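Enquirer: Attaching a predicted model along with its sequence, questions to come.
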Amino acid sequence: MDDEDLPRRRDDVLAALIKQPLDPLSVDELDDRIAALEGEIARTRARIAFATSHKASADALFKKG
């Protein structure tokens, strides 16, 4: 089962963000939004890199054979 098949939580911030209308925002507000999202993307990528490295270390430690 893929994560996309799972129901989203009611308080899912990402779902709310996606539904937010962009029309009322000014160009400066849109630029600020992009900067914030790019920061969150960088933070998420760093977490993925850490998790991947951590898993690889654990796999190497417990590798059989």
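Expert: Received it, and whenever you're ready, just let me know what you need.
Enquirer: What helix or strand is the spatially most central residue of the chain located in?
Expert: Geometric centre of the chain, nearest residue: T44, 5.0 Å, by C-alpha atoms, centre = their mean. T44 is part of helix 27-61, with elements assigned from DSSP states H and E.
Enquirer: For that helix, the averaged confidence score.
Expert: Helix 27-61 shows a mean pLDDT of 92.
Enquirer: How about it, which residues are buried there?
Expert: Residues of helix 27-61 classed as buried by neighbour count (16 or more other C-beta atoms under 10 Å): none. (C-beta placed from N, C-alpha, C; glycine too.)
Enquirer: from the chain's centre, how far out does that helix sit?
Expert: 7 Å (C-alpha atoms, centre = their mean, to the nearest Å).
Enquirer: next one: stretch 51-63
Expert: Per C-alpha atoms, centre = their mean, the displacement of stretch 51-63 from the mean C-alpha position of its chain is 22 Å.
Enquirer: Please apply the same query to stretch 50-64.
Expert: 22 Å.
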